[in-house]
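Colleague: Have a look; sequence and predicted model below, questions after that.
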Amino acid sequence: MSLAASNPKSATANQMIGLKSRPFAYADIYRHPPMQGLDLPPELASIRKNESSCTVFLHDGTWLTTWSQGSSEGALDEKIVFTTSRDLGRTWSEPRKIVASTAELRRSYGCPFVVPDTGRIYLFLHEGQQHGAKLSRNDVAVDAGRFGFLFSDDDGLTWSEIYRLPMFDRDILIFPDRFHAHLNHPPQLMPGGRVVLPFSQHMRNGATRRFWQLCWTESSLIECENLLTERDPAKLRFSILPPGTHGMRADLVKHVDNPAVVRLAAAFGGRPNELSANAQEPTVVALGDGRWVCVMRTYLGSPGFSVSNDGGQTWTTVDRLRYKPDGAFIDHPHTMCPLAKMPDGRFILLFTNNDGTHNGAEHVWDGGVRTRSPQWFAIGREIPGEQRNAGLLFGEPRILCEASDQESPDGFRASTCTGISMPQYLSTADRHFVQYGLKKEYIILDEIPAAVIDAMTPALPNP
């Protein structure tokens with residue numbers, strides 16, 4: 001499905017670096033200075049990789065964006081930084097460090113949350129065991145660690161020490177006191193004042209020792225039970241959803257013959273039944289009837305979704321998301337596909353409209369501009385009383401932006417899969433924005449006009 005772009009905004013030459021098209025250009029949150037060559041001074045190398053950005057709004061209207069910065073993904077110099085904007089995202093301060101990795105611990109992919117009544121900023125992160133002198137990169141203990149948080153009561157000027165979250169017993173664990181997990185999305189404020197932090201948990205660095213792309217992963221939520229009311233960090237309470245031994249997984253038996261799963265298994269020498277339960281990087285939204293819906297990236301050639309009818313206690317097995325309950329599957333590879341609720345109750349789905357066969361791609365992990373560009377979005381609505389497809393109906397999608405297919409002249413890649421990644425929808429002052437990473441080097445901000453969103457909104461079926 002497609003919808004031709006119309007009336008694209010002009011963008012400056014600098015705003016188009018690394019992009020082929022950008023019709024909704026608004027601002028650049030961060031671009032590193034021009035760099036050439038792989039033997040860079042450490043002060044330049046350490047700011048070349050920029051990814052996993054998250055934006056929140058402070059109590060006075062200031063925008064704050066955090067991300068992971070370093071010389072490459074998984075490098076020993078990774079750190080979490082932030083920048084702020086006081087003019088609705090037009091201009092941004094120089095990045096400042098919040099916390100850095102050490103020789104023992106990798107700290108990256110921080111996710112902020114602002115307490116509405118107090119303005120306190122929390123930053124949740126994963127501290128994983130670092131590779132280096134004691135561990136080789138393929139050691140199963142690499143990245144095994146714990147979740148933690150730190151906070152600021154002065155808008156990011158100073159930050160607390162790191163406090164650790166409790167461990168939760170899951171059958172996917174291989175160490176009793178550490179897990180392989182990652183965060184990508186800020187905690188979500190749900191109806192009734194409940195705060196949940198989505199996360200992904202891996203069986204280990206890879207489901208086999210050969211290729212980490214064969215990793216089996218499940219999705220869960222950590223409920224931050226008294227985050228809105230408790231000031232003492234030692235008294236914060238956390239629990240896991242769903243409770244029990246495992247999180248949200250795709251139906252392995254149902255999807256073992258899925259063509260996308262079969263192609264991926266063939267490419268990396270695995271078996272479909274090692275892959276088809278994978279579901280990760282969840283976002284969660286509440287429907288008007290009280291149900292919760294998680295949308296996740298999968299190996300299924302589509303976004304996966306799971307529904308809870310009891311506030312996160314139990315979930316349906318992950319299935320493929322469609323444009324409408326009896327419609328076509330939404331094409332999507334193995335990359336982030338967040339679903340967000342808009343202020344008026346509509347939804348926006350950010351995805352890349354590629355099932356691992358488009359643009360010359362060979363499978364859903366075939367990254368770069370083959371599966372991770374262009375970046376698309378679709379507007380959705382809830383069909384009252386409909387249970388299938390979580391009750392969601394999506395209109396024709398449209399391209400948000402498209403990455404250039406030119407590789408860096410010096411061969412630099414922040415990681416094996418680049419293109420456009422980790423988008424996030426934002427809304428403030430009745431305006432609609434998407435921030436995202438470009439080639440894991442730059443952090444970009446676009447604005448989608450309300451008129452475009454209205455034109456893309458599907459009509460509800462006749463009752």
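Modeller: Perfect, thanks for sending it.
Colleague: And the lowest-mean-pLDDT helix or strand in the chain, what's buried?
Modeller: Using mean pLDDT, DSSP states H and E, helix 272-275 stands out as the lowest-scoring helix or strand of the chain, at a mean of 86. For helix 272-275, the neighbour count (16 or more other C-beta atoms under 10 Å) marks Pro272, Glu274, Leu275 as buried. From N, CA and C alone the C-beta is placed, and that goes for glycine too.
Colleague: Quick check: next helix or strand after it?
Modeller: strand 279-286 (DSSP states H and E).
Colleague: Which neighbours in the sheet does whichever helix or strand comes after that following strand have, and how are they oriented?
Modeller: Next in sequence after strand 279-286, counting helices and strands by DSSP H and E, comes strand 292-298. According to DSSP bridges, strand 292-298 forms sheet pairs with strand 279-286 (antiparallel), strand 304-308 (antiparallel).
Colleague: And those: which comes nearest Phe268?
Modeller: strand 279-286 (16.6 Å; C-beta to C-beta).
Colleague: Let's verify Pro325: helix, strand, or coil?
Modeller: Here Pro325 is coil, with the state taken from DSSP: H, G, I helix; E, B strand; the rest coil.
Colleague: ok, Ser415 touching Gly70?
Modeller: No - with contacts counted by C-beta atoms under 8 Å, Ser415 stays clear of Gly70, the gap being 10.8 Å.
Colleague: and the two? which has more neighbours close in?
Modeller: Shown here are Ser415 and Gly70; by other C-beta atoms under 10 Å, Gly70 has more neighbours (25 against 14).
Colleague: The closest residue to Gly311 other than its chain neighbours and Pro191, how far apart?
Modeller: Among residues not flanking Gly311 along the chain, Trp292 sits closest, at 6.7 Å (C-beta to C-beta, 6 or more residues apart in numbering). Distance of Trp292 to Pro191, computed by C-beta to C-beta, to the nearest Å: 9 Å.
Colleague: Pull up the overlap in contacts between those two.
Modeller: Listed contacts common to Trp292 and Pro191 are Ala286; contacts here mean C-beta atoms under 8 Å, 6 or more residues apart in numbering.
Colleague: where exactly do the helices run in the stretch 1-150 of the chain?
Modeller: Using DSSP state H, counting those that start in this stretch, the helices found in the stretch 1-150 of the chain span residues 42-45.
Colleague: Could you tell me which ranges of it sit under the pLDDT cut-off?
Modeller: By pLDDT under 70, the low-scoring segments of the stretch 1-150 of the chain are 1-10, 133.
Colleague: where exactly do the strands run in it?
Modeller: 19-21, 25-30, 49-57, 63-70, 79-85, 96-100, 105-114, 121-129, 144-152 (DSSP state E, counting those that start in this stretch).
Colleague: any chance of those in a markdown table, with distance to Phe347 too?
Modeller: Formatted as a markdown table, the strands of the stretch 1-150 of the chain follow (distance: least, C-beta to C-beta, whole Å):
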| stretch | distance to Phe347 |
| --- | --- |
| strand 19-21 | 24 |
| strand 25-30 | 21 |
| strand 49-57 | 19 |
| strand 63-70 | 22 |
| strand 79-85 | 26 |
| strand 96-100 | 31 |
| strand 105-114 | 21 |
| strand 121-129 | 24 |
| strand 144-152 | 28 |
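Colleague: pretty sure Ala429 contacts Gly89?
Modeller: No - using C-beta under 8 Å, Ala429 makes no contact with Gly89, being 10.5 Å away.
Colleague: Which one of the two is surrounded by more residues?
Modeller: Gly89 (22 against 6).
Colleague: list the contacts for the more buried one?
Modeller: Counted by C-beta under 8 Å, 6+ apart, Gly89 has contacts Tyr26, Ala27, Ile29, Trp63, Phe433, Leu445.
Colleague: Now do the contacts for the nearest residue to the fourth one once chain neighbours are set aside.
Modeller: In this case it means Trp63. Of all residues not flanking Trp63 in the chain, Ser85 sits nearest, at 4.3 Å (C-beta to C-beta, 6+ apart). By C-beta under 8 Å, 6+ apart, Ser85 lies in contact with Ile29, Thr62, Trp63, Thr65, Thr91, Trp92, Ser93.
Colleague: phi, psi of Leu264?
Modeller: Main-chain torsions, Leu264, degrees, to the nearest 10: phi -70, psi -40.
Colleague: I'd assumed Gly356 was in contact with it.
Modeller: Yes - at 7.2 Å, Leu264 and Gly356 qualify as touching, with contact defined as C-beta under 8 Å.
Colleague: Can you pull the residues that touch both of the two?
Modeller: His363, Val364, Trp365.
Colleague: Neighbour-wise, give me the winner out of those residues.
Modeller: Most neighbours among the shared contacts of Leu264 and Gly356, by other C-beta under 10 Å: Val364, with 29 neighbours.
Colleague: so where does Trp365 fall, helix or strand?
Modeller: Going by DSSP H and E, Trp365 is not part of any helix or strand.
Colleague: circling back: which one's more surrounded, Trp292 and Pro191?
Modeller: Trp292 (25 against 11).
Colleague: any chance you could map the helices in the stretch 301-450 of the chain?
Modeller: Using DSSP H, counting those that start in this stretch, helices in the stretch 301-450 of the chain cover 450-456.
Colleague: which residues of it score low on pLDDT?
Modeller: Ranges of the stretch 301-450 of the chain meeting pLDDT under 70: none found.
Colleague: give me that answer again for 80
Modeller: Counting by pLDDT under 80, the stretch 301-450 of the chain contains low-confidence ranges at 416-417.
Colleague: in it, which spans are strands?
Modeller: Going by DSSP E, counting those that start in this stretch, the stretch 301-450 of the chain shows strands at 304-308, 319-320, 339-341, 347-351, 375-382, 392-394, 398-403, 420-428, 431-438, 442-448.
Colleague: Please identify which of those is closest to Leu123.
Modeller: strand 420-428 (15.5 Å).
Colleague: that older thread, format the shared contacts of Leu264 and Gly356 as CSV; extra columns: distance to Leu460.
Modeller: Listed next are the shared contacts of Leu264 and Gly356 as CSV, based on distance: C-beta to C-beta, whole Å:
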residue, distance to Leu460
His363, 36
Val364, 32
Trp365, 36
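Colleague: so where's the stretch 151-300 of the chain uncertain?
Modeller: Judged by pLDDT under 80, the stretches of the stretch 151-300 of the chain that qualify are 203-213, 215.
Colleague: at 70 what do you get?
Modeller: 204-210.
Colleague: Need the overlap of contacts for Ser415 and Gly70.
Modeller: With C-beta under 8 Å, 6+ apart as the test, Ser415 and Gly70 both reach Lys49.
Colleague: what's the closest non-adjacent residue to Lys20?
Modeller: Using C-beta to C-beta, 6+ apart, the nearest residue to Lys20 is Glu402, at 4.4 Å.
Colleague: All set now, cheers.
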